[in-house]
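Undergrad: mind folding the following:
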Amino acid sequence: MHLRHILKFAFRAALLAAALLFYFIDMERIDFLTIFQQGIGGAFLWIVWITLVIEMLLRIIPNRLITIGSRKHYACSYKAASSAEASARSIDTKTERLHKGALLSAIAWFAVSAAILVILYFLDILTPAAVLVYVLVFAVLDLVFILFFCPFRAFFMRNQCCTVCRIYNWDYIMMCAPLILFPSFYSISLVVLSLIVLLRWEIALCKKPQYFMSKTNENLRCESCKEKGHLKRCRAQKSET
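TA: Next comes the predicted model:
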């Protein structure tokens, strides 16, 4: 799965590089408001759209093709702890901490995103093409956070690794939300799907918080983890304690 993340990172980086090339050569080619009037630019836009749609559908439909961190809200990814499970009070306390970290993360993301969009607006370059580049920049950063360093994990969530991350499936709404500034089939379909991913995740957390905690879900523990990057973090943390 670690190799899959690296390949996914390389593919998204290639999409971003192509988008930047289109943007600086002829940004009108990646204007999704006129996608049906574009040639090679339209084909590129459809590649981006299909890629994001498939990835989001994999988050909505139960499957084992994605990492355990992004599918832990499914019953099929839950394995009750063999030892006595945490008390309801303990789960509630842990859930409250997770909610607090998620709220801080949401505020940080909103502040940074709003600042970027406001700057683009006052520079008079807030266009569909610029927003598409924004989406792909965040798509690449999403993999940077998984593979290398995640500021949300380090400063707000304080979770050991991505496997137990409370906001793992927030990535698509964080990427796609600005698309709503330019309503079209292209943008609205991606925003709606990202909202469905988010709602599916949050509803599962409200109903089954035990799915999201390594204390109650054995599949989220280091000894069950198959992610090389996550295992390195686990070993590093254990060596520090």
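Undergrad: who's in contact with the residue sitting nearest the centre point of the chain?
TA: Closest residue to the average C-alpha location of the chain: Asp171 at 2.0 Å, with Cα atoms, centre = their mean. Taking Cβ atoms under 8 Å, 6 or more residues apart in numbering, we find Asp171 in contact with Phe138, Asp142. Backbone N, C-alpha and C define where each C-beta goes, glycine included.
Undergrad: so Pro62 touches Cys76, yeah?
TA: Yes. Proximity of Pro62 to Cys76 meets the contact threshold set by Cβ atoms under 8 Å, at 5.7 Å.
Undergrad: re the thing from before, could you check how far the residue nearest to the centre of the chain is from Arg97?
TA: As judged by Cβ to Cβ, to the nearest Å, Asp171 and Arg97 stand 21 Å apart.
Undergrad: for Asp26, same thing?
TA: Per Cβ to Cβ, Asp26 is found 49 Å from Arg97.
Undergrad: return the residues in contact with the closest residue to Phe32 other than its chain neighbours.
TA: Nearest non-adjacent residue to Phe32, counting by Cβ to Cβ, 6 or more residues apart in numbering: Tyr186, 4.1 Å away. By Cβ under 8 Å, 6+ apart, the residues touching Tyr186 are Phe32, Leu33, Ile35, Leu45, Trp49, Leu179.
Undergrad: output the helix or strand hosting Tyr186 in CSV with nothing but the alpha carbons.
TA: Using DSSP states H and E, Tyr186 sits within helix 185-207. Output in CSV follows, covering the C-alpha atoms of helix 185-207 (Å, rounded to 0.1, in the frame of the first residue of the first chain):
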residue,chain,number,x,y,z
PHE,A,185,-21.8,20.1,-13.9
TYR,A,186,-18.1,19.5,-13.6
SER,A,187,-17.7,21.5,-10.3
ILE,A,188,-21.0,20.6,-8.7
SER,A,189,-20.6,16.9,-9.3
LEU,A,190,-17.2,16.8,-7.6
VAL,A,191,-18.4,19.0,-4.7
VAL,A,192,-21.5,16.8,-4.1
LEU,A,193,-19.5,13.6,-4.2
SER,A,194,-16.9,15.0,-1.8
LEU,A,195,-19.8,16.0,0.6
ILE,A,196,-21.2,12.4,0.4
VAL,A,197,-17.7,11.1,1.3
LEU,A,198,-17.6,13.5,4.3
LEU,A,199,-21.2,12.7,5.5
ARG,A,200,-20.7,9.0,5.2
TRP,A,201,-17.6,9.3,7.3
GLU,A,202,-19.1,11.6,10.0
ILE,A,203,-22.3,9.6,10.3
ALA,A,204,-20.3,6.4,10.8
LEU,A,205,-18.2,8.2,13.5
CYS,A,206,-21.3,9.3,15.3
LYS,A,207,-22.9,5.8,15.2
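Undergrad: show me which residues of it are buried.
TA: 186-187, 190-191, 193-194, 196-198, 200-201, 204-205 (16 or more other Cβ atoms under 10 Å).
Undergrad: now do stretch 121-136
TA: So for stretch 121-136, counting by 16+ other Cβ under 10 Å, buried means Leu126, Thr127, Pro128, Ala129, Ala130, Val131, Leu132, Val133, Tyr134, Val135, Leu136.
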